[in-house]
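Peer 1: here is a sequence together with a model predicted from it:
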Amino acid sequence: MKLMSRLAIAVSLTSLMPLSALAGEVEVLHWWTSGGEKRAVDTLQKLVEDQGHTWKDFAVAGGGGEAAMTVLKTRAVSGNPPAAAQIKGPDIQEWGELGLLAKLDGVAKAQQWDQLLPPQVIDVMQFGGHYVAVPVNVHRVNWLWINPEVFAKAGATPPTTLDEFFAAADKLKAAGFMPLAHGGQPWQDSTVFEDLALGLLGPDDYRKAFVDLDREVLTGAKMVEVFAALQKLHGYVDANAAGRDWNSATAMVMNGKAGMQIMGDWAKSEWSAAGKQAGSDYQCLPFPGTQGSFAFNIDSLAMFKLGDADNRKAQEDLARTVMGTEFQNVFNQNKGSIPVRLDQDMSGFDACAQQSMADFKAAAANGGLQPSLAHGMAASSYVQGAVFDVVTNFFNDPKADPKVAAQQLAAAIEAVQ
Ligand code: GAL
């Protein structure tokens, strides 16, 4: 048979095959709605659509994802969960126990996830020995973002200790700048609290407090110091902080209104989207006093059981894409995080990401690598919620007593266990 007629038969056979045999739909729940984070998630959408699948975006705005998790519960209760949802840390186990999550072992085996991922990450992604979620990235929570131009104008020095941090804040204030851009939302308050705790308690006691939930550490003298530092820090937050989104706070540092922001490295997504260069337009410093430690926050997409075979195929392709080197490279450069694959080429990444990767590896080797409490890595969502309540009430009451707060923290955690 001539080549052309063979081709013609092949083409007509292909056109006879229903499209649905090749393509499915994936509905993906996430809360990546800021300008920079949307750019990152758009890269995933494109990679999935390039494979012929339909992407159904299920974005629920709200930093930290509390709103998204509430919406997800409603959808799951009505028997209609999305194909994939950004569910993180110990929460994955809770969803697994409900029997709702799909197994990804086939994709994981073919792509050798066991060899590509750090063991701590594998544990979190599996339920009952099966992969039920795919990790997207590694975010570091204990960062301080500064505007060097504002620092220079104020004669302030980039801080490496907590004392230096307050000294810089005083200089910024005296020069008429907002020292610290902060958004008064519970998860942001607790992000700051956790950074202070990591520095003042050190990684071992941080772990005892927020992973082991050890009463002695939760109520100890160091924890009282953490609350006292949080109270002092509140003095550098402006009166309009209530309800402010984290990316609006980032914008205040970027446009020179404020000098600093305490935030995880998703903040970098906003700087990157604005075309700003790490190291010159802005600087990322480990939160003062936490050098050598790394509070990790791993984003992951958990997969729900689906009935439709085409949609299951699309779901597996989504998982494979997320662990692929192209996605890990492009998404993470836009998102501010570092790749979760240990073998990833980092040469295209900026100075902050390079430092993050080096610090991640060093911290993993010396005990400094600890799970973020504020971002659902350390404890259940119930414990996280209890901490949020105590920390935010304390933060908003200038007369609150740090000693009482530490007792309340332990009591609130005990009540939800
Ligand atoms: C975290 C999430 C990040 C980022 C941040 C702000 O919980 O892991 O990816 O989106 O919230 O919303």
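Peer 2: Looks like it came in fine.
Peer 1: show me what the helix or strand hosting K268 is packed up against.
Peer 2: Assigned by DSSP states H and E, K268 belongs to helix 267-273. With contacts taken as 3 or more C-beta pairs under 8 Å, 6 or more residues apart in numbering; DSSP states H and E, helix 267-273 sits against helix 35-49, strand 143-146, helix 246-254, helix 325-335. To be clear about C-beta, it is placed using only N, CA and C from the backbone, and glycine gets the same treatment.
Peer 1: what's the longest helix in the chain?
Peer 2: In the chain, taking DSSP state H as the definition, the longest helix is helix 186-210.
Peer 1: kindly export the helix or strand that that helix is followed by (C-alpha atoms) in PDB.
Peer 2: Next helix or strand after helix 186-210 toward the C-terminus (DSSP H and E): helix 215-219. Taking Å, rounded to 0.1, in the frame of the first residue of the first chain, the C-alpha atoms of helix 215-219 are listed here in PDB:
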ATOM      1  CA  ARG A 215       2.300  21.200  77.400                       C
ATOM      2  CA  GLU A 216       5.500  22.100  79.100                       C
ATOM      3  CA  VAL A 217       6.900  23.800  76.000                       C
ATOM      4  CA  LEU A 218       3.600  25.300  75.100                       C
ATOM      5  CA  THR A 219       3.300  27.000  78.500                       C
END
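Peer 1: and helix 215-219, average pLDDT?
Peer 2: Average pLDDT, helix 215-219: 98.
Peer 1: cool, and stretch 91-98?
Peer 2: Here stretch 91-98 scores 96 as its mean pLDDT.
Peer 1: and if you look at stretch 271-282?
Peer 2: 97.
Peer 1: around the ligand, pick out the residues from this structure.
Peer 2: 31-32, 37, 63-65, 139, 246, 266, 297, 299, 375 (C-beta under 6 Å from any ligand atom).
Peer 1: what residues are up against the nearest residue to M125 once chain neighbours are set aside?
Peer 2: Nearest non-adjacent residue to M125, counting by C-beta to C-beta, 6 or more residues apart in numbering: A133, 4.7 Å away. By C-beta atoms under 8 Å, 6 or more residues apart in numbering, the contact set of A133 is 87, 92, 101, 104, 124-125, 300-303.
Peer 1: could you do L318 as well?
Peer 2: 26, 28, 44, 48, 53, 83-84, 134, 301, 303.
Peer 1: returning to what we had before: quick one: contacts of the helix holding K268?
Peer 2: 34-37, 39-40, 143, 145, 246-247, 250-251, 254, 261, 278, 281-282, 284, 333-336, 350, 352-353.
Peer 1: what's the answer for stretch 228-236, then?
Peer 2: Contact with stretch 228-236 is made by 162, 166, 169, 173, 179-180, 192-193, 196, 200, 391, 394-395, 398, 400, 402, as judged by C-beta under 8 Å, 6+ apart.
Peer 1: any weak-confidence spans in the protein?
Peer 2: Applying pLDDT under 70 to the chain flags residues 1-21.
Peer 1: ok, now with 50
Peer 2: Scanning the chain for pLDDT under 50 picks out 1-20.
Peer 1: can you tell me which residue is spatially central in it?
Peer 2: N297 (4.7 Å; C-alpha atoms, centre = their mean).
Peer 1: quick check: that one touching Q370?
Peer 2: No: the criterion here is C-beta atoms under 8 Å, and N297 misses it with Q370 at 10.8 Å.
Peer 1: ok, the residue of the chain found nearest the ligand - contacts?
Peer 2: Among the residues of the chain, G63 lies nearest to the ligand; the distance is 3.6 Å by C-beta to the nearest ligand atom. Contact analysis of G63 by C-beta under 8 Å, 6+ apart lists 31, 34, 183, 185, 187-188, 245-247.
Peer 1: right, I'll leave it there.
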